[in-house]
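Asker: following is a predicted model, sequence given first.
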Amino acid sequence: MFEKFSQKSMSATSEKFDTIIGRTTVIQGTLILRDSVRIDGKVLGNIEANAGSKITVAIGPTGEIRGDITAHRVMVAGTVAGHIHAAERVEFQKDSVVQGDVTYGSISVEHGAKLSGLIIQGQVLDQSATGAQAAIQSAQSAKHSPES
């Protein structure tokens with residue numbers, strides 16, 4: 001019942017990946033997703049899924065992303081240099097390295113993962129405001145709401 005997260009591998013997920021970007025592939029530019037994707041190569045640009053879609057982005061151990069990721073679920077075993085916006089869930093495996101802010105619905109961080117940036121639970125913030133600026137705007141809007 002209480003299976004350790006470290007015993008799971010990315011291949012053990014029930015997620016179906018219609019697109020796989022191989023280890024030797026380098027993509028330069030924005031990826032706009034209509035289906036879930038597993039990335040074992042390199043993407044130099046943003047990765048975007050439509051709001052409300054149930055799309056997963058999985059970055060394998062050899063995967064490297066230099067750009068922002070916006071998706072329903074994000075699973076990281078490789079390297080990300082950019083912000084991550086996961087509407088439902090984000091998972092960081094033990095050897096993952098992330099440099100950027102993370103906004104999530106729920107989170108799983110395996111011992112050994114390296115995260116450098118703000119970790120913000122909640123809905124995906126306005127994308128025109130990033131990082132600390134977005135966190136400040138979120139806190140200010142909560143402070144001035146009538147329910148406070």
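Answerer: That came through fine. Numbers count the residues shown, from 1 in each chain.
Asker: show me the shaky parts of this protein.
Answerer: 1-15, 123-148 (pLDDT under 70).
Asker: burial count for Ile69?
Answerer: Other residues within reach of Ile69, judged by other CB atoms under 10 Å, total 27. No exception for glycine: its C-beta is placed from N, CA and C like everyone else's.
Asker: which residues touch it?
Answerer: By CB atoms under 8 Å, 6 or more residues apart in numbering, the residues touching Ile69 are Asn46, Ile47, Val57, Val80, Gly82, His83, Ile84, His85, Ala86.
Asker: quick one, helices of the chain?
Answerer: Under the criterion DSSP state H, helices of the chain are mapped to 131-143.
Asker: list the buried residues in stretch 89-97.
Answerer: Within stretch 89-97, the residues that count as buried by 16 or more other CB atoms under 10 Å are Arg89, Val90, Glu91, Phe92, Gln93, Ser96.
Asker: quick one: residues contacting the second one.
Answerer: Applying CB under 8 Å, 6+ apart to Val90 gives the contacts Arg73, Val74, Met75, Val76, Ile84, Val102, Tyr104, Ser106, Ile107, Ser108.
Asker: among the residues you listed, which ones are in strands?
Answerer: By the criterion of DSSP state E, membership of these in strands covers Arg73, Val74, Met75, Val76, Ile84, Val102, Tyr104, Ser106, Ile107, Ser108.
Asker: now these: which count as buried?
Answerer: Buried residues within the ones in strands among the contacts of Val90, defined by neighbour count using 16+ other CB under 10 Å: Arg73, Val74, Met75, Val76, Ile84, Val102, Tyr104.
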